[in-house]
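Participant: Pasting the sequence and the predicted coordinates here, then a few questions.
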Amino acid sequence: MSRFLVVLDPGPLTTVQDRGRAGWAHLGVPRAGALDGPAAALANRLVGNSVAAAVLETTLGGVSLQASTAMTLAVTGADAPVTVDGRSVAAREPVAVRSGQTLCVGPARTGLRSYVAAAGGIDVPAVLGSRSTDTLSGMGPAPLTKDQELPVGDPLGEPRGVDVSVVRPLVPPTLLRFRPGPRADWFADEALEALTRSTYAVSSDSNRVGVRLNGPGLERHRTGELPSEGLVLGAIQVPASGEPLVFLNDHPTTGGYPVVGVVAAGDLPACAQLRPGDEVRFTTRR
């Protein structure tokens with residue numbers, strides 16, 4: 001019997017994501033992949049999948065899915081209500097869903113992105129070794145649409161609950177550690193100090209490409225053009241406005257604005273859960 005999930009309501013933006021396409025940047029291919037990697041990995045572990053299995057990543061408004069057959073699902077990430085046929089069920093735990101039942105992830109109360117794993121993984125075709133949606137290039141599966149049928153693979157392991165589910169507190173402002181460079185020398189001596197002493201607000205223009213920030217601009221002492229050069233995940237690029245932005249998984253592989261620093265990899269999952277208006281601060285302390 002085929003296993004699939006019917007999309008009853010895709011929400012504002014729900015995409016298929018796994019660990020991404022690392023290793024293709026030299027050909028201009030972004031990595032994509034789940035923005036909150038630990039949350040996606042937890043969802044997979046709860047339903048007995050490999051941590052590399054594809055899951056669904058929602059954005060703010062949640063998603064509604066109907067199961068074609070009995071299967072185990074799990075929801076992690078942002079704090080959001082989860083129901084099966086209107087009955088509240090626990091997040092961050094395996095949930096047994098019968099054939100024809102509907103799982104709904106509601107709007108996020110805190111945080112921004114939730115992750116839905118199905119035992120067996122979301123079994124859409126892989127592109128360059130990944131099933132991830134890349135919103136910048138359009139590579140991979142398109143974002144979910146109403147009435148779409150999502151194939152689900154055969155379960156490979158047993159669901160595994162957890163004794164204690166640790167949820168990272170979202171206490172404002174979010175502190176992001178970073179290392180200066182590679183173009184910190186393009187900025188005035190006071191720029192790094194200004195970056196670390198200022199509080200920035202997340203812009204509504206933020207997306208999977210990057211977190212745009214509103215706040216004090218960073219003054220440059222070099223005003224010439226910078227030839228396009230490679231960009232890495234977590235790069236803090238400073239465009240002409242002077243307001244920094246932090247590149248996330250769907251970032252372009254090259255850019256022409258100077259990068260003043262790079263956010264620590266361990267702090268990037270927190271960026272995935274930042275909502276417009278949330279406050280951010282930077283520090284060079286490790």
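Facilitator: Happy to help now that I have it. Because the structure is predicted, anything quoted here is derived from the model rather than measured.
Participant: where do the helices sit along the stretch 1-150 of the chain?
Facilitator: 37-46 (DSSP state H, counting those that start in this stretch).
Participant: and Asp185, that's in a helix?
Facilitator: Yes: under the criterion used here (DSSP: H, G, I helix; E, B strand; the rest coil), Asp185 sits inside a helix.
Participant: Distance check, it against Leu213.
Facilitator: When CB to CB, to the nearest Å is the yardstick, Asp185 and Leu213 sit 22 Å from each other. All C-beta atoms are positioned from the backbone trio N, CA, C, and that covers glycine.
Participant: do Asp85 as well
Facilitator: 41 Å.
Participant: Neighbour count: the two, which is higher?
Facilitator: Between Asp85 and Leu213, counted using other CB atoms under 10 Å, the more crowded position is Leu213 (23 against 13).
Participant: Test my guess that the more buried one contacts Thr199.
Facilitator: No: in this structure Leu213 lies outside contact range of Thr199 using CB atoms under 8 Å: 9.7 Å.
Participant: where do the contact lists of those two overlap?
Facilitator: In the contact map built from CB atoms under 8 Å, 6 or more residues apart in numbering, the residues linked to both Leu213 and Thr199 are Val280.
Participant: Could I get the full set of helices for the stretch 151-286 of the chain?
Facilitator: Secondary structure of the stretch 151-286 of the chain, counting by DSSP H, counting those that start in this stretch: helices at 189-197, 268-272.
Participant: The ones you listed: which one's closest to Arg286?
Facilitator: Of all these, the one in closest proximity to Arg286, counting by CB to CB, is helix 189-197 (13.2 Å).
Participant: what helices or strands is that closest one leaning on?
Facilitator: The contact analysis (3 or more CB pairs under 8 Å, 6 or more residues apart in numbering; DSSP states H and E) places helix 189-197 against strand 259-263, strand 279-283.
Participant: Tell me the strands beside the last one, with direction?
Facilitator: Here strand 279-283 has these sheet partners by DSSP bridges: strand 174-180 (parallel), strand 200-202 (antiparallel).
Participant: Point out where the stretch 51-200 of the chain drops to low pLDDT.
Facilitator: For the stretch 51-200 of the chain, residues meeting the criterion pLDDT under 70 lie at 163-170.
Participant: make it 90
Facilitator: For the stretch 51-200 of the chain, the stretches flagged by pLDDT under 90 are 156-158, 160-172, 181, 188-192.
Participant: which residues touch the nearest residue to Val262 once chain neighbours are set aside?
Facilitator: Beyond its immediate neighbours in the sequence, the residue positioned closest to Val262 (CB to CB, 6 or more residues apart in numbering) is Gly234, lying 4.9 Å away. Contact analysis of Gly234 by CB under 8 Å, 6+ apart lists 178, 246-247, 262-265, 267-268.
Participant: so how far is Gln66 from Gly234?
Facilitator: Using CB to CB, we find Gly234 at a distance of 37 Å from Gln66.
Participant: What of Asp250?
Facilitator: With distances taken as CB to CB, Asp250 is found 29 Å from Gln66.
Participant: Run through the residues that contact Ala91.
Facilitator: If you count contacts by CB under 8 Å, 6+ apart, Ala91 has them with 75-76, 79-80, 82.
Participant: Return the member of the residues you listed nearest to Leu42.
Facilitator: Distances from Leu42 to these, taken by CB to CB, are shortest for Thr76, at 4.8 Å.
Participant: Send me stretch 17-25 as CSV with only the CA atoms.
Facilitator: Listed next in CSV are the C-alpha coordinates belonging to stretch 17-25 (Å, rounded to 0.1, in the frame of the first residue of the first chain):
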residue,chain,number,x,y,z
GLN,A,17,14.1,19.9,3.8
ASP,A,18,16.8,17.5,4.8
ARG,A,19,20.5,18.3,5.7
GLY,A,20,21.0,20.1,2.4
ARG,A,21,23.4,20.1,-0.6
ALA,A,22,26.7,20.8,1.1
GLY,A,23,29.7,20.6,-1.3
TRP,A,24,28.2,22.2,-4.4
ALA,A,25,29.0,25.9,-3.7
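Participant: which residues are contacting that stretch?
Facilitator: In contact with stretch 17-25 (CB under 8 Å, 6+ apart) are residues 29-35, 37, 40, 51-57, 115, 127-134, 139, 230, 249, 253.
Participant: do the same with stretch 100-112
Facilitator: Outside of stretch 100-112, the residues that reach it under the criterion CB under 8 Å, 6+ apart are 8-9, 11, 58-67, 73, 75, 77-86, 95, 97, 114, 116, 170, 272-275.
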